[in-house]
Every structure is written in C-alpha cells, then in structure tokens.
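Asker: sharing a model that was predicted from the sequence below.
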Amino acid sequence: MHELSIAMSIVDMALEEAERRDVKIDAVHLELGPLAGVVAEALLFSYEMACSGTPLEGSRLVIKNVPIEAYCPACKAQRTLTSMQWFCCPECGTPTSDIIHGKELAITALEVRDECTTSPVGSA
Amino acid sequence: MSAPPRLLEVRKNVLKQNDVVARMLRERFREQGTFVVSLVSSPGAGKTAFLEKTLTLLRPHYRVAALVGDLATENDAIRLARSQAPVKQITTGTLCHLEAAMVDRALEGWDIGELDFLFIENVGNLVCPSSYDLGENLRLVLLSVTEGEDKPLKYPTIFNSADVAVITKMDLAEAVEFDEESVKANIQAVRPGMRHFAVSAKTGVGMEEYLQFLAARLAEFTLSDERSCRGRM
C-alpha cells in the first residue's frame, strides 16, 4: 500500500502549482493507467488524508482511467487491450509487449479559482 | 468571494522525482560500467537464498555487491554476507518498497566503479515496487513453485514491469505438483516474449544457465558502452 505516499506527492505538486499561480484548487485531475501499480480506490481514500490540514482540504481528486494501448506488429496499428491477463492484439491475437499507454500516473489539470481574498493573518 | 472555477491544464508526472533520481543512477552505472540487477517477488519466494547463491557463484569471477531492502530486520544482509560479497541493508521502516533515492543514499561510500554487478533485493511485495524505477538495467521477478501457477495473472503489473522471470524452489516442484507449462503460458500471457529460468538455490539446478545469461548481458552492456564512448570521440 504505497498510495498514501503517492497521494502526498500529488498534494505537494498541486500545492506548489497553486502557490505559483496564486489560485485555490477545487479539484485535481489525474490520469491513471492500469500498469501504474496504483489502486484508484486506495488513492482516493489516501488523497483525503493527505489533504487534511493543507489548503487542499475539501478538494476532490478526479481520476480518469486510461486503457492499455499497445502496438500490434502484425496489424501495424495501435490497439486497445481488453485484459491485463492477455497482452495480445484484440483483432488478430498477436502477442505484444510494445506498450504505448497504460503506465500513466500524471496530474493533467487543476480546477481552480482565482484567489481574490487576502490570506488570513496569524496562521503561524 | 472567490471567482468561478476554471480548468487549468498542467502535465505533471507524479513519480517524476523518483524517475529523475533513477535516470541519474542509471547514467552513473553506465559510466562506471556496473550492471545492476534488481529482484522483486512476494515475501518468502526465496529472493535472499537465490541472491546468496548468485553472489557465491559469481564472486570468484566477477566483482559483485548487493543492497537489500527489508522493513525491519538486518537478517537478509547477514545471510547474504556469508557469500563474502559486500552487502548493505536498507531498512525501510514501514515503507513497502524501495525508491531510487534510497538506493542512491545506500551507495554512499561505495566505489561503484569497482563493481561488475550490483544486485538490489527489493522488499517482498508484488504490488508497490512495480511503480518505482531504481535505475536498474535488469529487473527479475521471482515466483516460487509453492505459490501457485496463476501468480503472473494475479499480479500482471509487476510481471509487466520486469524483464526476466525466475521460478525458484524447483527442488520442491514434484512435491507440490508444480505445472511449469502452465506458469510459462501465464507469464507469456501477461508479458509476451519474457524469458524465464527455473532454478533451485538449494540444489543449484538451473543456476548455470541463469549465470551464463547474466554474464552475456554484462558483456553486451560493456560492449555497448564502449561503442557509445567511441561514437562520442
């Protein structure tokens, strides 16, 4: 279970971006491939914990699941695989290890609001 | 009052920090001519016994060393030290996997250029280590004959992240009615073209073929480096 440390990295990266652009974050959009080795449910749960006590508290994590896409050497085309237990072209059945997508673990967008209120004093 | 929300497009790899350190390590290993092999498996698959045998058999011919990850104990390092090779334990505490920065830290004080092979034994776990590049040149995934033939199907991600599969504890194969053909088919289903070795660290069966493979990969690695050096001149 390494989802908590991944969630903490996501929060750190988003906070850095928020600070740099002077915005408040409502949601973080994430692309997740099945080969990233991360369980979406565990990540959502960990995200909430990682956010607590930070300016991201109450924000949402929106996960977009990316399918596995591989290059089929026989069809000479990019194909979407139907199963993680069968790395073969769904059209012709040729085995393939030439993976193009499916390992993604990336922040793709932030839902933000421009921060126009002054920050509270005395938070230190 | 704050303004209405808007969507800000960014593109940030969450594991970028680890990937950057891993790339740096890989570059350093290449420059120094050290071939780095990592081992992943479930707990109890026999990583340490297999690595101890590997180190013992390689040591008369090559300069070898090992890093070994464990949550709490130093037992594995003590076992591996019996091979007479330099060994360092990385105690991860509660962390279920090794990260590139831990490897980097553990290598402090070691002259990598003095090594032909460096082995990195990951924490016993078939899930989390798959996400973390350690800068290795070759990743071995081990499964023992007692674990069930469908292990590759249950953990496709780790098998997919690995380069070679090693079936361990072959001395027990008959007793547990191990079906090698079925495992082979399952490995091929999740990672077409993946090479596998069937070994027993106890009896030594299959070790020679595997060590020959390692030696060939080292030769290839050194040769490609010489070529790229010449190319740069």
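Answerer: Yep, it's here. Numbering: from 1, shown residues only, chains lettered A, B, ... in the order given.
Asker: what segments of chain A are strands?
Answerer: A:23-32, A:60-65, A:69-72, A:77-80, A:99-101, A:105-114 (DSSP state E).
Asker: the first one vs strand A:105-114, what angle?
Answerer: I take that to be strand A:23-32. Per axes from the mean of the first three to the mean of the last three Cα atoms, to 10 degrees, the angle that strand A:23-32 makes with strand A:105-114 is 160 degrees.
Asker: sheet partners, orientation included, of strand A:23-32?
Answerer: Partners of strand A:23-32 in the sheet, by DSSP bridges, are strand A:60-65 (parallel), strand A:105-114 (antiparallel).
Asker: pull out the buried positions in the first one.
Answerer: Of the residues in strand A:60-65, A:R60, A:L61, A:I63 count as buried by neighbour count, 16 or more other Cβ atoms under 10 Å in any protein chain shown. For every residue, glycine as well, the C-beta is placed using N, CA and C.
Asker: for whichever residue of chain A sits closest to chain B, give me its contacts.
Answerer: Chain A approaches chain B most closely through A:P95 (3.2 Å), counting by Cβ to the nearest Cβ. Neighbouring residues of A:P95 by Cβ atoms under 8 Å, 6 or more residues apart in numbering or on different chains: A:F87, A:C88, A:C89, B:Q188, B:P192, B:G193.
Asker: again with B:Y155
Answerer: B:L126, B:V127.
Asker: count of residues packed around B:Y210?
Answerer: By the measure other Cβ atoms under 10 Å in any protein chain shown, the count of residues near B:Y210 is 21.
Asker: skipping adjacent residues, who's closest to it in space?
Answerer: Of all residues not flanking B:Y210 in the chain, B:F197 sits nearest, at 4.4 Å (Cβ to Cβ, 6 or more residues apart in numbering or on different chains).
Asker: so that neighbour is in which element?
Answerer: With elements taken from DSSP states H and E, the one containing B:F197 is strand B:195-198.
Asker: name the helices or strands packed onto that strand?
Answerer: strand B:164-168, helix B:180-190, helix B:207-232 (3 or more Cβ pairs under 8 Å, 6 or more residues apart in numbering or on different chains; DSSP states H and E).
Asker: is chain A within reach of the first one?
Answerer: In this case it means strand B:164-168. No - Strand B:164-168 stays clear of chain A (Cβ under 8 Å from any Cβ of the partner chain), getting no nearer than 12.8 Å.
Asker: so A:M49 touches A:A7, yeah?
Answerer: Yes - in this structure, A:M49 is within contact of A:A7 by Cβ atoms under 8 Å, at 7.1 Å.
Asker: the two: who's more crowded?
Answerer: In this view A:M49 and A:A7 are compared by other Cβ under 10 Å, and A:A7 has more residues nearby, 23 against 13.
Asker: quick check, B:E174 in a strand?
Answerer: No - looking at B:E174 with DSSP: H, G, I helix; E, B strand; the rest coil, it is coil, so not inside a strand.
Asker: gap between it and B:A162?
Answerer: Remark: distance between B:E174 and B:A162 (Cβ to Cβ, to the nearest Å) = 26 Å.
Asker: comparing these two, which shows the higher neighbour count?
Answerer: Each of B:E174 and B:A162 has its neighbours counted (other Cβ under 10 Å); B:A162 has more, 24 against 9.
Asker: and that one, what does it touch?
Answerer: Contacts of B:A162 were listed using Cβ under 8 Å, 6+ apart, and they are B:V40, B:R139, B:L140, B:V141, B:R191, B:M194.
Asker: now do B:K53
Answerer: Shown in contact with B:K53 (Cβ under 8 Å, 6+ apart): B:A201, B:G204, B:M207.
Asker: could you look up the SS state of the second one?
Answerer: For B:G204, the reduced secondary structure class is coil; criterion used: three-state DSSP.
Asker: per-residue pLDDT, the closest residue in space to A:M13 that isn't next to it in sequence?
Answerer: Nearest non-adjacent residue to A:M13, counting by Cβ to Cβ, 6+ apart: B:K12, 5.4 Å away. In the predicted model, B:K12 carries a pLDDT score of 94.
Asker: show me the beta-bridge partners of the residue nearest to B:E180 when sequence neighbours are not counted.
Answerer: Counting by Cβ to Cβ, 6+ apart, B:E180 lies nearest to B:A198, which is 6.3 Å off, once chain neighbours are set aside. Beta-bridge partners recorded for B:A198 (DSSP bridges): B:I167.
Asker: for chain A, see how far away B:A198 is.
Answerer: Separation of B:A198 from chain A (Cβ to the nearest Cβ, to the nearest Å): 21 Å.
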